[in-house]
Structures are given as C-alpha cells and as structure tokens.
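[1] My questions are about this predicted structure, shown below with the sequence.
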Amino acid sequence: MSKRLMPSTTALQCFEAAARHLSFTRAAQELHLTQSAVSKQVAQLEEMLSHPLFQRIRRRLHLTPAGALYLAEVNKILVQLDMSSRYILSYGGETEVLRIATQPTFGERWLVPNLKGFGERHPRIHLDIRNELEPFDLVQAKADIAFFFGQGTWPGATCIELFKEQVVPVCAPELLARQRFDSAESLTEHRLLQCTSRPEAWHEWFLGQGLHTQNSYHGPRFDTFYMCIRAAQAGCGIALIPRYLVAEELAEGKLVIPWNHPKTSEGSHFIAHAEHAAEVPKVRAFVEWIAARVRVAGQVPDLKE
C-alpha cells in the first residue's frame with residue numbers, strides 16, 4: 001500500500017490562517033505561534049505537495065492557483081474536524097447514537113411527526129437522521145436504520161414492511177378552475193411533473209386505466225416528492241404523489257385532485273437494518289417504536305418481516 005499524504009492539522013491550520021489573512025505574521029498572532037513557525041509549517045506543506053502555495057508580489061503575499069485550489073479542500077477538512085469534535089462533545093458517556101437514513105420527503109412528512117415522544121421514552125438514544133437519495137451500503141454501517149420504498153430486498157439486511165401507499169394526481173386549484181378534467185386522458189394535455197425516484201409512476205397510473213401514452217414520461221423532473229409538490233402548488237403542472245404526503249395540502253385546499261383515480265403503488269415502505277443488528281438494543285427499540293406508530297395509525301394490522 002502506497003504511503004498516504006497526511007499533513008498535520010497544525011500545518012493545515014497555519015496554511016488556512018495565512019491564506020485568509022494573506023500574512024504569516026497575522027496568522028501567527030491568531031494561532032499563538034511565532035511567524036517563523038507558521039512559515040516553516042507552510043514550507044513543509046509546499047514540499048510535501050510539490051507545489052508552491054504562496055508567492056510574494058511587491059512584498060505582499062498572494063495565493064498561487066494551486067494554493068487557491070488547496071485552500072478550498074483544506075476548509076472542508078477543518079470544518080468537518082470541528083463539526084465532528086462538537087458532535088462528540090454533545091453526548092454524555094451513556095448516550096448511544098442511532099444513525100438513520102431516509103428519503104427527504106418521507107422523512108419530513110412521515111418520519112419526523114412519528115418521532116414525537118421517542119426521546120422521552122429513550123433519553124440515552126440520540127437520533128442522527130440524514131437524507132439519502134442514492135442507495136448506500138447498510139451492511140458497512142453507514143447507517144444503523146434505513147427507510148426505503150421498494151420490494152423489500154436488500155442484500156445482508158432485514159427488511160420489515162411498514163405500509164403501502166396510494167398515489168393521486170394533484171395540481172393547483174387555479175389549474176382545475178381553468179380546465180375541466182373529464183377523463184384520465186385529459187391529463188396528458190398538461191405538463192406532467194416527474195419524480196426521479198419513480199420514473200414509471202405516470203406510466204403505471206395511466207396503464208391502470210387502460211391508457212398507453214408516450215406523454216407519461218415527458219415533463220420536468222425533480223429529485224424529491226417535496227419539489228414535485230411545490231412545483232404543483234406553483235402551477236407548473238400536475239404531479240403524481242402518494243396521498244399521505246399531500247394530505248395537509250389537500251385538506252387546506254392548496255392542492256386539488258383533478259381526476260380522482262387513486263392507484264396503489266407496486267412497492268411498499270420498509271424499515272431496514274443489517275441482519276446482525278437485530279438484537280442491538282438501540283436498533284430494536286427504534287424498530288419497535290416505529291412498529292407501534294404504524295399500528296396506531298392503522299396503516300397495516302401488524303408489521304411483518
């Protein structure tokens with residue numbers, strides 16, 4: 001294995017401060033070091049990188065193109081170090097961190113409201129919830145728990161079905177006021193908003209009504225359902241959204257259903273964890289909590305593996 005280029009954090013701090021102030025003297029004052037110490041750290045960094053990071057023009061310090069590029073990377077590293085250190089400071093010795101991955105709109109609209117009371121019941125479990133749009137490796141412990149929509153297959157993971165969903169077309173009330181929708185086919189005359197994670201959604205919805213149209217794949221594409229919802233509210237077109245994600249907008253009249261033909265999606269929502277983590281207390285506690293919330297909501301009679 002080749003030797004890693006691993007400059008010290010002191011060298012990175014000296015470079016970052018000197019680049020910010022464009023002065024070794026002022027960097028030294030900020031870091032409580034001597035000017036020669038800062039200069040030496042930067043010189044060693046330049047030797048390691050085989051590139052000059054600064055140049056002197058008319059007795060003033062300037063970043064070289066390589067220095068400007070490196071500064072952007074060093075800033076990321078120092079910010080991450082600071083965040084990671086503060087992250088650990090916020091926990092007591094008895095606290096366990098449970099890392100949870102979820103798709104953005106599901107997390108905001110369904111997961112977060114269902115977390116109420118979990119902290120009081122399990123005060124020693126700290127939830128670290130992150131949005132994930134791309135697939136990731138659960139087994140490699142990038143997350144302890146993951147929520148996803150699909151068929152319930154994930155190598156090396158235990159997948160527990162939560163609930164199915166129904167999708168409905170939604171649009172701004174103004175669009176419905178201007179246009180009468182008397183059939184599913186009439187929707188194809190308008191811009192269909194597409195969600196990247198469900199490329200077949202419109203096609204399957206039309207197919208469920210005996211229609212086959214090339215327009216089902218056309219229209220602006222958005223990364224998340226939340227963006228689709230906002231685009232529909234803004235009058236950009238018609239979106240096909242799981243009903244539970246737009247219950248609030250429908251109740252408030254911010255969105256309407258132009259053609260009421262709900263369709264049950266092919267997949268289901270699942271909660272998953274690595275197979276070997278089933279009996280880990282923090283994982284078990286969270287899965288049981290979610291199971292109880294689903295049963296209370298009456299979305300399914302019970303959870304099944």
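    Yep, that arrived.
[2] What segments of the stretch 151-300 of the chain are strands?
    Listed in chain order, the strands of the stretch 151-300 of the chain (DSSP state E, counting those that start in this stretch) span residues 157-163, 166-170, 192-195, 221-222, 238-242, 263-264, 268-274.
[3] strand partners of the fourth one, parallel vs antiparallel please.
    Put plainly, it is strand 221-222. Strand partners for strand 221-222, identified by DSSP bridges, are recorded as strand 192-195 (parallel).
[4] Please list the outside residues in contact with the partner strand.
    The contact list for strand 192-195, computed with Cβ atoms under 8 Å, 6 or more residues apart in numbering, reads 201-202, 215-225, 228, 231-232, 236-240. Yep, even glycine has a C-beta here, placed from its N, CA and C like the rest.
[5] Now do the contacts for the nearest residue to W289 once chain neighbours are set aside.
    Nearest non-adjacent residue to W289, counting by Cβ to Cβ, 6 or more residues apart in numbering: F118, 5.5 Å away. Shown here is F118, whose contacts under the criterion Cβ under 8 Å, 6+ apart are I125, L127, F286, W289.
[6] between the residues you listed, which is nearest Q151?
    Here the nearest of the contacts of F118 to Q151, counting by Cβ to Cβ, is F286; it sits at 22.7 Å.
[7] Break the protein down into its domains, please.
    Here the domain parsing of the chain from automatic domain parsing is 9-88, 96-164+267-297, 166-264.
[8] Compute the number of surrounding residues for E279.
    7 (other Cβ atoms under 10 Å).
[9] Is L61 located within a strand, as I assumed?
    Yes: going by DSSP: H, G, I helix; E, B strand; the rest coil, the assignment for L61 places it inside a strand.
[10] If you drop the residues flanking it in sequence, what lies closest to the residue most central in space within the chain?
    Centroid-nearest residue in the chain, with Cα atoms, centre = their mean: N131, separated by 2.0 Å. Using Cβ to Cβ, 6+ apart and skipping the chain neighbours, the partner closest in space to N131 is P104 (4.4 Å).
[11] Ramachandran angles for the most far-flung residue of the chain relative to its centre?
    The centre of the chain is farthest from one residue, R58, which by Cα atoms, centre = their mean lies 47.7 Å away. R58 has phi and psi values of phi 50, psi 50 when expressed as degrees, to the nearest 10.
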